[in-house]
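**Q** generate a structure from the sequence data that follows.
(2 chains)
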Protein chains: 2
Amino acid sequence: MEAWARGVRGLLLDISGVLYDSGGSGGGVPIAGSAEAVRKIKASGLKLRFCTNETQATREKFVKKLQGLGFDISVAEVTAPAPAACRLLKERGLRPHLLVHDDLVPEFAEIDKTNPNCVVVGDAAENFSYANVNEAFRVLIGLEKPVLISLGRGRYYKETDGLKLDVGAYMKALEYACDVEAEVVGKPAKAFFESALAEMGVPPQEAIMIGDDIVSDVGGAQQCGMRAVQVRTGKYRSFPVGGRHLPSTYTSIC
Amino acid sequence: MEAWARGVRGLLLDISGVLYDSGGSGGGVPIAGSAEAVRKIKASGLKLRFCTNETQATREKFVKKLQGLGFDISVAEVTAPAPAACRLLKERGLRPHLLVHDDLVPEFAEIDKTNPNCVVVGDAAENFSYANVNEAFRVLIGLEKPVLISLGRGRYYKETDGLKLDVGAYMKALEYACDVEAEVVGKPAKAFFESALAEMGVPPQEAIMIGDDIVSDVGGAQQCGMRAVQVRTGKYRSFPVGGRHLPSTYTSIC
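**A** Next up, the predicted model:
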């Protein structure tokens, strides 16, 4: 482990499933030792950035919740999909129909949403009603060139009361219904990791991503030239998924 | 057309989008001339069977509605996914968790649903709430060998007030979340068409399928050795879908 980590100057830390499990009346429960780990990383002199696919709240609200749970974290240290999506929408003159959590809507306050020419889907949770998903479908299929932007492609995540379907499942539903391929903003998109690395000021070969998702965190970071560690908290499951075991050579360090 | 149809002894007729458009307070609106067409087909001596992926109601309730709309149709003339699924469940000792429309549940009255070892998804419409879809996901991902049975794989259908997402979109969501492939019962499954042909007593080369879905109706029938006609009612769209035009050689007769 020591040799493997040599030359590392910066860490990208996933939040949900790594620092805390979301859900419940308090908004979540810290994972044992994680607040202390953040403090130690910061004290060590390593550069640190939080790299999350969280889209159930604005960064302000999300960070405030994490501070309340005991974490040393600020909005300026967080890379999240919604601001990245806003940059993309502005660059390309796209006006979104939003299929997102109510608490995320303020992130799009500056964006023109009249007469939509694309759909943006995030982790809308309870907002994924049939009526809402169908409305997004109708907007998308009514466009001459349907553009679907997905804030991540996660399959599911863990809350305190169990596993929850993530945005990826609904992205797939809309992709299939309209015969389009979504553009993913957030992990595992390469541009998203590159943006987080640039904000941290560390090249990929000197950074490590730490997360609980083998595709979004580990796979995405590796595609970008980083090393990655998969923690065994959050959604990590030691039993087979989809009837298949993880490869026998699999370890936590990828 | 006359030469093309020579040797035909039987017709399989799709219902939704071909005979009527569903939805609205009366349960649907007949498509002009369709009730008369059914009468003419029956009077002509051609064998006729209704081959539907309808899963929003029991066959009894569905047929009663169609009779009320003026169609000469009986339960014994209808091939539908739910009874086919029940046969499959019994054969393989499967106990389903149902993600279906409330009105379809009576079709599964004889099936043991305790301690589920598979998920059956149908066109649940408003029942596709986040909570319900997530519950089905949790059952499926909790199984050592997840089995997902989908009553059709349609992308969308047309109701009187517009297009509606069909079961296929939610099938894809669950497939992606759990990394499984659904077994499709209903069109375009070959076994489903074969069952309809056997019930009609006509071999595939002497039968024509008439429907509004290029994949479920036309593609499925062709895979089975039948000819097919795509009507331009129902969900048929003459403008591009997903940014792509239909092939220029495309005609209504496939």
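
**Q** only C-alpha atoms for contact and neighbour calcs from this point on.
**A** Will do.

**Q** quick one: contacts for the residue nearest the centre of chain A?
**A** For chain A, the residue nearest the mean C-alpha position is A:Asn53 (1.3 Å; CA atoms, centre = their mean). A:Asn53 sits next to A:80-81, A:151-152, A:186-187 when contact means CA atoms under 8 Å, 6 or more residues apart in numbering or on different chains.

**Q** spell out which parts of the stretch 51-200 of chain A neighbour chain B.
**A** For the stretch 51-200 of chain A, the contact set with chain B under CA under 8 Å from any CA of the partner chain comprises A:125-131, A:134, A:137-138, A:141, A:144-146, A:155-156, A:163-165, A:168-174, A:176-180.

**Q** what pLDDT does the residue nearest to A:Thr79 when sequence neighbours are not counted get?
**A** In this structure, A:Thr79 finds its nearest non-sequential neighbour in A:Cys51, 4.9 Å apart by CA to CA, 6 or more residues apart in numbering or on different chains. Note on A:Cys51: pLDDT of 96.

**Q** what number of residues lie near A:Cys51?
**A** 28 (other CA atoms under 10 Å in any protein chain shown).

**Q** same question for the one 3 residues further on.
**A** Neighbouring residues of A:Glu54 were enumerated by other CA under 10 Å; the total is 22.

**Q** so what's the closest residue in space to it that isn't next to it in sequence up against?
**A** Nearest non-adjacent residue to A:Glu54, counting by CA to CA, 6+ apart: A:Ala80, 6.6 Å away. Contacts for A:Ala80 (CA under 8 Å, 6+ apart) come out as A:51-55, A:59, A:186.

**Q** quick revisit: and the residue nearest to A:Thr79, how far is that from chain B?
**A** 22 Å (CA to the nearest CA, to the nearest Å).

**Q** got phi/psi on that residue?
**A** Torsion angles at A:Cys51 (phi, psi; degrees, to the nearest 10) stand at phi -120, psi 100.

**Q** that one against A:Leu12, yeah?
**A** Yes: counting by CA atoms under 8 Å, A:Cys51 does reach A:Leu12; the two are 5.9 Å apart.

**Q** mind listing the shared neighbours of those two?
**A** With CA under 8 Å, 6+ apart, A:Cys51 and A:Leu12 have common neighbours A:Ala196.

**Q** angle of the helix or strand that contains A:Ala169 against helix B:167-178?
**A** Element membership of A:Ala169, judged by DSSP states H and E, is helix A:167-178. Orientation of helix A:167-178 against helix B:167-178 (axes from the mean of the first three to the mean of the last three CA atoms, to 10 degrees) gives an angle of 150 degrees.

**Q** so how far is whichever helix or strand comes after helix A:167-178 off the chain centroid?
**A** Per DSSP H and E, the first helix or strand lying C-terminal to helix A:167-178 is strand A:183-185. Chain-centre distance of strand A:183-185: 11 Å, with CA atoms, centre = their mean, to the nearest Å.

**Q** please identify the pairing partners of strand A:183-185 and their relative orientation?
**A** strand A:148-151 (parallel) (DSSP bridges).

**Q** for the strand it pairs with, list the C-alpha coordinates in PDB.
**A** Below are the C-alpha coordinates for strand A:148-151, written out as PDB (Å, rounded to 0.1, in the frame of the first residue of the first chain):
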ATOM      1  CA  LEU A 148     -30.900  14.100 -22.900                       C
ATOM      2  CA  ILE A 149     -28.400  15.200 -20.300                       C
ATOM      3  CA  SER A 150     -28.000  12.900 -17.200                       C
ATOM      4  CA  LEU A 151     -26.500  14.000 -14.000                       C
END
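
**Q** just list what the helix or strand following it packs against, helices and strands only.
**A** Next along the chain after strand A:148-151, taking DSSP H and E as the criterion, comes strand A:156-159. Packing partners of strand A:156-159 (3 or more CA pairs under 8 Å, 6 or more residues apart in numbering or on different chains; DSSP states H and E): strand A:20-22, strand A:162-165.

**Q** packing partners of the longest one?
**A** Under the contact definition 3+ CA pairs under 8 Å, 6+ apart, strand A:162-165 sits against strand A:156-159, helix B:130-141.

**Q** mean pLDDT lowest where, among those?
**A** strand A:156-159 - the lowest mean pLDDT of the helices and strands packed on strand A:162-165, at a mean of 90.

**Q** pull the residues that contact that one.
**A** By CA under 8 Å, 6+ apart, strand A:156-159 touches A:17, A:21-24, A:28, A:163-168, A:234-235, B:177.

**Q** let's see that with 10 Å instead.
**A** A:16-17, A:20-24, A:27-29, A:123, A:163-169, A:212-213, A:233-236, B:134, B:137, B:176-178 (CA atoms under 10 Å, 6 or more residues apart in numbering or on different chains).

**Q** alpha carbons only: can I get that strand in CSV?
**A** Provided in CSV are the C-alpha atoms of strand A:156-159 (Å, rounded to 0.1, in the frame of the first residue of the first chain):
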residue,chain,number,x,y,z
TYR,A,156,-28.4,2.7,-7.0
TYR,A,157,-27.1,4.1,-3.8
LYS,A,158,-27.6,3.2,-0.1
GLU,A,159,-29.7,5.2,2.3
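
**Q** check the offset of that strand from the chain's centre.
**A** 12 Å.

**Q** same check on stretch A:4-17?
**A** 16 Å.

**Q** go on, stretch A:159-177?
**A** Between the centre of stretch A:159-177 and the centre of its chain there are 13 Å (CA atoms, centre = their mean).

**Q** start and end of it, how far apart?
**A** 29 Å (CA to CA, to the nearest Å).

**Q** quick check: buried residues in it?
**A** Neighbour counts over stretch A:159-177 (16 or more other CA atoms under 10 Å in any protein chain shown) mark A:159-160, A:163-177 as buried.

**Q** A:Phe192 versus the residue nearest to A:Glu54, what's the distance?
**A** Applying CA to CA, the value for A:Ala80 to A:Phe192 is 8 Å.

**Q** hey, what's in contact with both of those two?
**A** The contact sets of A:Ala80 and A:Phe192 overlap at A:51, A:185-186 (CA under 10 Å, 6+ apart).

**Q** could you export those residues to CSV, including columns for distance to A:Gly225?
**A** CSV is the format used below for the shared contacts of A:Ala80 and A:Phe192 (distance: CA to CA, whole Å):
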residue, distance to A:Gly225
A:Cys51, 16
A:Val185, 18
A:Gly186, 17
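
**Q** show me which of those residues is closest to A:Lys90.
**A** A:Val185 (13.9 Å; CA to CA).

**Q** count of neighbours near the closest one?
**A** Counted with other CA under 10 Å, the neighbours of A:Val185 add up to 25.

**Q** related to what we said a few turns ago, need the contact list for the residue nearest to A:Thr79.
**A** A:11-16, A:77-81, A:186-187, A:192-193, A:195-197, A:209-211, A:217.
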